[in-house]
Each structure stands twice: as structure tokens, then as C-alpha cells.
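K.L.:
I would like to see how this sequence folds:
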Amino acid sequence: MAKIHICFVWHMHQPFYKDLISGEYHLPWTRMHALKDYYGMVKVLEEFPNVHQTFNLVPSMVVQIQEYAEGKALDPFLRAALKPAEELTEDDKQFILRYFFQAHPNKMIRRYPRYGELYDSWQGSGNDFSRARQLLHPQAMRDLQVLSQLAWFDEEFLDNDPDVARLVRKGSGYTLEDQALMGRKQREICGKVIPVYREFAQRGQIEISTTPFYHPILPLLCDSQIAAVAHPGVPLPRPFRYPEDARHQLRTAREFMTKLFGAAPAGLWPSEGSVSDQALALAAEEGFQWAATDNGVLSRTLGHTAGTDETYRTYNWAQEGRSMRMIFRDHYLSDLVGFVYSRMGAGEAAGHFLDRIRENCAPFVHRGEPAMVPVILDGENAWEHFDLNGRPFLRELYRRISESSDMAAVTVSEAHQAIQPRSLSRIFPGSWINANFDVWIGAQEDNHAWELLLDARQTYDRVLASPEGSRLPEEKRKLAYEELLIAEGSDWCWWYGPEHFSDNAPEFDRLYRSHLANVYQALNQPPPDELSRPIMMTSTQADHTPPSSPLTATIDGLNSSYFEWMGAGCYKPDRRQSSMHGAESPLVRVLYGSDQEYLFLRLDFNEIEMGLRIHLTFEAFECDLTLGEPAPEPVTLACQKLVEIRIPLSKTRRSPGDIPRMKLSLWRGALPLDAIPGEGSLELLTADHHEWAI
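P.N.:
Below is the predicted model of the structure:
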């Protein structure tokens with residue numbers, strides 16, 4: 001009987017959360033999935049030695065796992081989880097309550113009764129910190145700190161690690177020692193991830209493929225205008241054409257994985273399954289032997305819907321002496337695993353999956369031909385929605401495959417050896433989502449992000465070609481280029497535009513802008529003011545009261561008298577929609593007013609920070625002010641208990657009678673800290689716009 005070859009490709013990926021200049025990891029998800037998925041997804045195959053699979057590892061994710069394992073990585077979430085509960089500040093507690101319930105309520109949180117109890121209390125408060133007083137005592141906070149981490153531990157450790165099992169059995173009333181143990185176990189688990197992949201690859205049970213280093217969309221790096229092929233007429237930003245960056249992302253990925261695992265990866269999962277003729281040519285030139293994408297791309301390539309007869313085959317793409325073996329994922333079957341089977345019992349789901357495969361492959365079997373079934377999907381996020389992290393489903397599925405006589409689970413390279421390919425002379429440019437690039441380019445936010453990336457990339461080229469660039473230390477040049485490569489990753493634009501939402505989307509926005517700001521900082525260039533403002537367009541509910549009378553302030557940095565700022569306009573930003581999102585801005589409010597000659601600004605901070613830079617932009621004028629240093633003419637600045645600024649009205653508007661429109665941004669060094677307002681400009685009504693004008 002002809003064999004049905006099932007090719008599972010599990011794509012393991014998280015964005016690069018580290019800021020290379022500060023060294024801070026801004027979000028915890030690489031660590032959390034290292035605890036829950038990366039190790040156990042391979043280790044479970046020990047029970048099924050005849051099940052072979054392919055794991056696609058993104059190098060930038062692997063780098064982060066290594067740093068957590070070595071104790072070099074620390075993120076604010078881990079820091080908050082390990083801080084003694086008795087020492088938590090009010091800000092710490094708000095942070096913990098906001099973020100430590102980010103898990104599936106039924107599959108992860110309620111699995112631990114005390115965690116579920118704390119979750120219900122938080123929900124009962126309406127997620128209102130001021131009403132959640134019963135959660136704020138040290139024991140409740142420590143229980144939350146410990147359980148919010150244990151909920152992400154892999155089944156392998158919950159079942160077989162005595163220390164972890166003891167923490168689970170304890171259930172509540174955790175001590176400082178328990179909290180510290182939880183932290184040590186996290187590092188220990190992260191340290192097991194890379195060795196288990198190396199072990200199973202060496203024994204031949206898994207194949208390791210990879211992705212361009214920082215997970216960029218290769219076709220768009222080569223030429224962003226190619227997006228118009230799949231979507232004619234789509235609005236596009238200025239062209240981004242840096243195929244040398246695409247090549248570098250491919251080459252460094254292959255070199256890194258070769259060094260880490262002792263063998264060069266044959267296979268490539270192009271980021272988001274994004275392919276084009278140019279991208280495949282680069283991959284072939286860099287030594288990759290096979291690549292994978294979606295059967296939606298195959299349909300567009302063939303000019304008709306690719307059914308199972310077309311999808312369940314291997315292909316050979318060849319152009320101008322370059323070639324690449326190809327497989328095209330069964331979109332429907334892959335999505336059943338990713339989005340449907342979590343709502344079914346393990347046996348029912350496994351049976352349904354294999355029944356569909358046998359049904360689809362019946363024509364191949366009837367003809368006596370081998371079939372290759374490509375099942376390619378995210379190897380981590382789906383399991384949060386399954387009972388027991390999906391392990392019962394996977395064990396049932398692998399058991400049935402192992403016991404079957406008509407099918408086998410094989411690596412992609414094994415499938416290519418077993419099945420003769422069909423020829424392709426071209427590939428349609430697209431991704432695994434709708435065979436186009438609309439998720440990553442075309443929407444207003446996406447295009448803005450590409451424009452900012454292009455500006456930074458062109459600045460890099462300009463500086464390096466200048467005399468100043470020739471004097472730039474090599475480590476600075478490398479840092480700037482590395483930050484550009486990170487900013488080229490697909491993950492930032494995944495959250496821009498209308499397609500996707502995450503509670504952490506604002507943090508992704510801020511991190512992307514920080515990477516770009518770091519490029520300028522490494523090049524000793526001032527970052528553009530635009531990087532201080534969110535790309536993500538969110539509605540803000542700021543409190544803005546216009547002035548009620550003219551005023552003339554003494555610029556001394558002191559609240560000289562009660563009457564000095566009486567009648568001033570007042571702008572209080574809504575910190576729920578702040579560009580910081582999770583990090584408190586030092587700026588509390590902006591007061592402003594005028595007489596016939598000057599505009600006066602007063603900035604009230606939680607705490608004055610000398611060296612903080614304030615960038616003011618008006619329609620006809622802009623300036624940089626640094627707290628503790630003299631202001632440039634004709635601006636007057638004073639800074640003591642508060643910050644007071646005086647600017648000639650004539651500088652703030654293009655024509656007499658215009659309403660001054662101001663943008664204010666705060667910078668710590670070269671990194672954006674906050675922007676006022678979050679979007680657009682702040683209109684400052686002046687004395688000549690009121691009936692009380694003098």
C-alpha cells in the first residue's frame with residue numbers, strides 16, 4: 001500500500017524583545033513559551049520514536065532563550081514576579097494585577113484553584129485597582145506572583161520535576177523560598193531547551209529548519225513595491241529596496257544555526273511563508289535546499305485553486321540556474337489543529353484529523369502513488385487553548401500514526417527523498433495569509449512604520465558614507481545595523497493596521513520605535529521627533545481645559561504666587577492611552593497661557609530629572625530644551641520645582657491671529673519617553689482668541 005507521508009512543521013517564533021542599548025527585555029513571551037512549549041513539544045516525541053517531525057526555529061528567538069538560560073536576560077514581568085511581596089510598591093501591584101492574568105482563564109488560570117480565585121476577585125473589582133484592596137495584601141500578591149508563572153510550566157515539569165510538583169500541590173500560601181524556587185526553575189527549564197533539540201536532531205528524529213534571523217518579510221525587504229502584485233492599487237509607502245539586508249538575514253541565520261547545532265539547516269520557512277522569485281533566489285544562493293509556504297500561494301502560482309492533488313506533492317522551483325525544493329501547507333488541516341481541535345476531546349480530534357487525511361489521500365492510494373501531507377503551523381500559541389497544554393491530543397495523534405500501516409510522520413527532507421517533485425518556473429509573491437502582504441503593508445499604520453524604517457536605513461547609509469561615518473567606531477556601526485535588522489522584523493507590522501489586536505500591542509509599538517531610535521543613537525544622530533509618537537492610532541481621552549484669562553508668568557521655575565497661573569489652560573494626558581503603556585510618564589500636566597507678546601508654558605513633573613530633553617514643535621518653529629542647561633534664543637527656560645518656558649508668540653504661528661499648534665515630546669538621551677498629545681497637535685488658544693483679549 002502506498003504510504004501517506006505526513007510532514008509536521010512546527011514553527012517556533014517570538015519577536016526580539018530585547019533593547020540592545022538598555023539590555024532590557026520589554027515583554028516576557030519568549031521566556032513564557034520556553035517554559036511551556038519549546039522543550040515539551042520535542043520531549044514528547046521520546047514516547048513515539050517512529051514519529052519524525054520538522055521544527056522551525058527562529059534564530060532571534062533562540063538567542064533570547066540562551067540569554068534567559070544564562071541568567072543574562074531580565075524583563076519587567078520576571079522582575080515583578082520575583083520581588084518579595086512585602087516590598088511591592090503601589091506601582092508594582094498595579095503592574096502585576098494588569099498583566100499577571102494574561103492567560104487562558106479556563107485552560108490555564110482555573111486549572112489552579114487559588115489562581116482562579118484571585119482572577120475572580122480581580123474580575124469582580126471591574127479590573128479597578130482602587131476596588132481590589134483584598135488582592136493587595138502580601139500573601140495574595142505572592143500567591144499571584146507564583147501561580148501566574150507556574151501556569152506556564154510545561155507538563156513535563158509539572159508531572160516529573162519534584163520541586164515543581166511540590167509547588168503545584170501546595171496550591172497557596174507560598175513563601176519567599178517558594179518564590180525564589182520558582183525563579184530558579186525558570187532558568188533551569190530555559191537551559192534545557194536547546195539541548196533537547198540538539199539531542200533529537202542528532203538521533204535523526206527531528207529536522208531543524210530556520211527563518212531569516214529577525215523574521216523579516218523577505219520579498220518586501222527586497223522590494224516593498226512587490227506588494228502591489230498580489231493587491232493591485234494598494235497604497236504603498238516610498239519604496240524600500242534593500243535585498244542586501246534580506247541576504248544578510250538569511251546568511252546570518254544559517255551561520256548561527258550551523259554553529260549552534262553542528263549542521264547547516266537544509267530548510268527554510270520564510271517568515272510568514274512569504275515568498276517571491278527574488279527571495280527564493282537569495283535563499284538558494286545562501287545554501288538552503290528547501291522552503292515552504294501556503295497552498296494559497298500555490299493556487300496563485302498555478303492560476304487555479306490548488307486542491308489536494310496539487311498540494312500533496314513536492315515541487316522544484318528553478319530559475320536561472322538556481323533551484324529550491326518546495327512544499328505548500330494544507331491550510332485547512334493546519335488551521336484545524338491551530339483553531340478547532342482545542343474544542344474537541346483528544347481522541348475525537350485525532351480521529352477526525354487522520355480521517356480527513358485518509359479521505360484526501362484516497363486518490364493517491366488508488367493510483368498507487370505516495371502522498372505528502374504538509375501540516376505547518378505555530379508550535380506554541382495554540383496549546384494555551386487545549387486541555388493540559390495539548391499533550392493528550394498530541395499523544396493520541398502520535399500513537400495512532402505510529403500504529404498505522406498506511407501512514408508515517410516524516411521530516412520535510414525525508415519527504416523530498418521519497419517523492420519526485422513537479423517543476424515550477426516561477427512563484428507568486430505572497431504570504432500564508434491570503435497569498436498577499438496586506439497584514440504588513442498598505443494600511444496607514446503599516447506604511448508609516450515602513451517610512452520610518454526607510455528614513456533610518458537611509459540615515460545609516462548617509463552617515464557611513466560621510467567623513468563622520470569614517471570616524472564612527474566599528475561597534476557603533478554594527479549596533480546601528482543590528483537595530484535596523486531587528487526593526488525589519490515582521491512582528492511590528494503584524495500589530496499595526498486593522499487585522500490584529502493584543503493587550504500588548506502598544507508595547508510592541510513603543511519597542512519598534514525604540515529600535516529605530518537606537519539606530520540614530522548609535523550613529524550619533526538626533527532621532528526624529530516622530531519616533532516619540534505612537535504609530536498605532538488610538539483614541540485618547542485627554543482632559544483639556546482652555547485658558548479663561550490672559551496671564552504673564554515670571555520664568556523662574558517656581559510657583560511664585562497662587563495667582564501667577566490662574567486662568568491658565570490645562571492639558572492632562574490620559575495615561576490609559578499613553579505612549580508609554582505600562583511605564584509611568586514623568587509629566588503630569590501642561591499649563592499654558594499668554595499675553596499679547598509671549599506664550600507661557602508650565603510643565604508639572606512627578607519629579608524633575610536634570611538632563612531630560614524636551615522637544616517643542618510648532619508649525620513655524622521648533623527647538624530642543626534640556627533641563628539644567630541654557631535655552632536657545634529666543635526661548636527662556638527655568639527649572640527648579642517646576643519647568644517654566646517663555647516663547648515669543650510670533651515664533652509659534654505662521655501668521656498673526658493663527659492658533660498655535662504644539663507638539664511636545666520627552667527624551668531620555670536618544671530614546672523617546674513620551675509625547676503630548678499622543679496624536680496630532682495641541683491647540684493653544686491665546687489672548688487674542690478670546691473676548692477678554694487685551
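K.L.:
So which helix or strand of the protein has the lowest pLDDT on average?
P.N.:
Least confident helix or strand of the chain, by mean pLDDT, DSSP states H and E, is strand 671-676 with a mean of 74.
K.L.:
Point out where the stretch 1-150 of the chain drops to low pLDDT.
P.N.:
Low-confidence segments of the stretch 1-150 of the chain, defined by pLDDT under 70: 1-2.
K.L.:
ugh, typo on my part, it should be the chain
P.N.:
In the chain, residues with pLDDT under 70: 1-2, 538-542, 562, 574-585, 670-672, 678-679, 689-694.
K.L.:
Enumerate the positions of the top helix by length along the chain that are buried.
P.N.:
Counting by DSSP state H, the longest helix found in the chain is helix 176-202. Buried residues in helix 176-202, counted by 16 or more other Cβ atoms under 10 Å: 178-179, 181-182, 185-186, 189-194, 196-198, 200-201. In short, each C-beta sits where N, CA and C put it, glycine included.
K.L.:
now the strands for the stretch 151-300 of the chain?
P.N.:
206-210, 267-268, 290-294 (DSSP state E, counting those that start in this stretch).
K.L.:
Please convert those to CSV, extending it with mean neighbour count and distance to Thr252.
P.N.:
Rendered in CSV, the data for the strands of the stretch 151-300 of the chain read as follows (neighbours: other Cβ atoms under 10 Å; distance: least, Cβ to Cβ, whole Å):
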stretch, mean neighbour count, distance to Thr252
strand 206-210, 24, 10
strand 267-268, 26, 13
strand 290-294, 26, 17
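K.L.:
out of those strands, nearest to Ser404?
P.N.:
strand 206-210 (19.9 Å; Cβ to Cβ).
K.L.:
The closest one vs strand 290-294, what angle?
P.N.:
With axes from the mean of the first three to the mean of the last three Cα atoms, to 10 degrees defining the directions, strand 206-210 sits at 80 degrees from strand 290-294.
K.L.:
need the next SSE after the least confident helix or strand of the chain, C-terminal direction.
P.N.:
For strand 671-676, the succeeding helix or strand toward the C-terminus, using DSSP states H and E, is strand 682-683.
K.L.:
Which strands or helices does that next one pack on?
P.N.:
strand 661-668 (3 or more Cβ pairs under 8 Å, 6 or more residues apart in numbering; DSSP states H and E).
K.L.:
Phi and psi next, for Pro550.
P.N.:
In terms of degrees, to the nearest 10, the main-chain angles of Pro550 are phi -70, psi 160.
K.L.:
what about the closest residue to it other than its chain neighbours, neighbour count?
P.N.:
Closest residue to Pro550 in three dimensions, ignoring its sequence neighbours and counting by Cβ to Cβ, 6 or more residues apart in numbering: Ala687, at 4.3 Å. A total of 21 residues lie near Ala687 under the criterion other Cβ atoms under 10 Å.
K.L.:
Thr552 is in contact with Ala687, correct?
P.N.:
No. Under the criterion of Cβ atoms under 8 Å, Ala687 is not in contact with Thr552, lying 9.9 Å apart.
K.L.:
Need the residues touching each of these two.
P.N.:
Asp595 (Cβ atoms under 8 Å, 6 or more residues apart in numbering).
K.L.:
still on that earlier bit, a markdown table for the strands of the stretch 151-300 of the chain, including distance to Glu644?
P.N.:
Formatted as a markdown table, the strands of the stretch 151-300 of the chain follow (distance: least, Cβ to Cβ, whole Å):
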| stretch | distance to Glu644 |
| --- | --- |
| strand 206-210 | 56 |
| strand 267-268 | 58 |
| strand 290-294 | 59 |
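K.L.:
so which of the ones you listed comes closest to Gly469?
P.N.:
strand 206-210 (32.0 Å).
K.L.:
Quick one: list the elements packing against the closest one.
P.N.:
Checking 3+ Cβ pairs under 8 Å, 6+ apart, strand 206-210 ends up next to strand 53-57, helix 176-202, helix 243-261, strand 267-268, helix 412-418.
K.L.:
Can you list the buried residues in the helix or strand that contains Leu118?
P.N.:
Using DSSP H and E, Leu118 maps to helix 113-124. Buried residues in helix 113-124, counted by 16+ other Cβ under 10 Å: Arg114, Tyr115, Gly116, Glu117, Leu118, Tyr119, Ser121, Trp122.
K.L.:
again, but for stretch 613-624
P.N.:
Here stretch 613-624 shows Arg613, Ile614, His615, Leu616, Thr617, Phe618, Glu619, Phe621, Cys623 as buried, counting by 16+ other Cβ under 10 Å.
K.L.:
repeat for stretch 630-640
P.N.:
Ala631, Val635, Leu637, Ala638, Cys639.
K.L.:
rewinding a little: tell me what the longest helix of the chain is packed against?
P.N.:
Against helix 176-202 (3+ Cβ pairs under 8 Å, 6+ apart) you get helix 40-43, helix 59-69, helix 76-82, helix 138-150, helix 162-170, strand 206-210, helix 243-261.
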